[in-house]
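>>> the following comprises the amino acid sequence and a computationally predicted model.
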Amino acid sequence: MMLPKKFGILILLFLLAGTQSVNANVTFDYANTSNCFPFGSCPVNETIEYQQLYSHYQFGTDPLEITGISFKPAQGVSGAFDPTPLSFTLTLSTTLSNVGSFYGDYADQAPASSFAGNLGVNTVAVFSGTVSLSSSGDDVFDIAIPFATPYLYDPHAGNLVIGITNISGGIPLKGFAAGYSPLMSRFVNGMYGGNPNIFFEAGFGLATQFISSASPTPEPFPAGPPQYVPEPTAPAMLFAGLGLLCFWRSRKALKSH
């Protein structure tokens, strides 16, 4: 029995709607500790520069456009906070520095204990100015920073690094949720009690959600650094050639008898 034409069109539209991609934000969700870098109101800490590195494996294989970033409030210590103005500059960059314990095919350099040392290609200032941040205090990514300039990130080019500079202001109490993970690392350049406080910390960072319209599928992680297979050296190739020559001459001598 043939279906009515209008009914068939409705079914087709329903199937097409089901195949459309939806926003699938890339999430690094860790909340087992609290953190006052870089936006917390820590009495003796001052953040001058802050970087956080993210493993490219979490972003899949295809380029994706990132339009914003969100964080979570630290659980159990800060809770909800009212709109609080913060001024800063936020940059995104692709880096060849490795993250945590994962090296990967596209990011196998040792991280640097300097802001500039971890920057790579395609460095873009996605936000610069003042934004008012707030949180309900629930365990959700509701501390949102929209980008003035979207960022096109290609996981094949390396890991992703965010940089935060020109910071003014702070969120009450501890600030953001953070945790330990081999998917993240961070660099902090600041002051502690009036003294320099500069360090790189592998395997730790803020819980983060990248806003994107893509639907990336995370890649499996490697067991260790990429294995390098050395090419044959010139002496080895020479000895191999001489061996083949001797073998060929011995066979020729046998045939002549």
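Right, received. Where do you want to start?

>>> would you point out which residue is most central in the chain?
Centre of the chain computed as the mean C-alpha position; nearest residue by CA atoms, centre = their mean is Tyr54, 2.3 Å away.

>>> return the residues in contact with that residue.
28, 99, 159-162, 183-184, 205, 208 (CB atoms under 8 Å, 6 or more residues apart in numbering). From N, CA and C alone the C-beta is placed, and that goes for glycine too.

>>> do Val188 as well
Counting by CB under 8 Å, 6+ apart, Val188 has contacts 37-38, 47, 49-50, 197-201.

>>> bridging residues for it?
Beta-bridge pairing of Val188 under DSSP bridges involves Tyr50, Phe199.

>>> okay, strands next: where are they in the stretch 1-150 of the chain?
Applying DSSP state E, counting those that start in this stretch to the stretch 1-150 of the chain gives strands spanning 26-28, 33-35, 45-54, 64-71, 81-95, 124-135, 143-153.

>>> now the next helix or strand after the last one: how far from the chain's centre is it?
Moving toward the C-terminus from strand 143-153, the next helix or strand (DSSP states H and E) is strand 159-168. Using CA atoms, centre = their mean, to the nearest Å, we find the averaged C-alpha position of strand 159-168 to lie 12 Å away from the chain's own average C-alpha position.

>>> which other helices and strands contact strand 159-168?
Contacts defined by 3 or more CB pairs under 8 Å, 6 or more residues apart in numbering; DSSP states H and E place strand 159-168 against strand 45-54, strand 81-95.

>>> would you mind finding the most buried of the ones you listed?
Highest mean neighbour count of these: strand 45-54, a mean of 22 (counted as mean count of other CB atoms under 10 Å).

>>> quick one: it to strand 159-168, angle?
Between strand 45-54 and strand 159-168, the angle comes out at 160 degrees (axes from the mean of the first three to the mean of the last three CA atoms, to 10 degrees).

>>> that older thread, among the strands of the stretch 1-150 of the chain, which comes closest to Ser168?
Nearest to Ser168, of all these, is strand 81-95, at 4.1 Å by CB to CB.

>>> off-centre distance for the closest one?
A distance of 16 Å separates the centroid of the chain from that of strand 81-95, by CA atoms, centre = their mean.

>>> what does stretch 57-66 give?
That offset, for stretch 57-66, works out to 9 Å (CA atoms, centre = their mean).

>>> likewise for stretch 183-203?
The answer for stretch 183-203 is 18 Å, by CA atoms, centre = their mean.

>>> quick revisit: and the residue nearest to the centre of the chain, how far is that from Ala207?
To Ala207, Tyr54 is 11 Å away according to CB to CB, to the nearest Å.

>>> what's across from Ser87 in the sheet?
Thr130, Ser168.

>>> give the contact list for it.
Residues near Ser87 by CB under 8 Å, 6+ apart: 129-130, 166-169.
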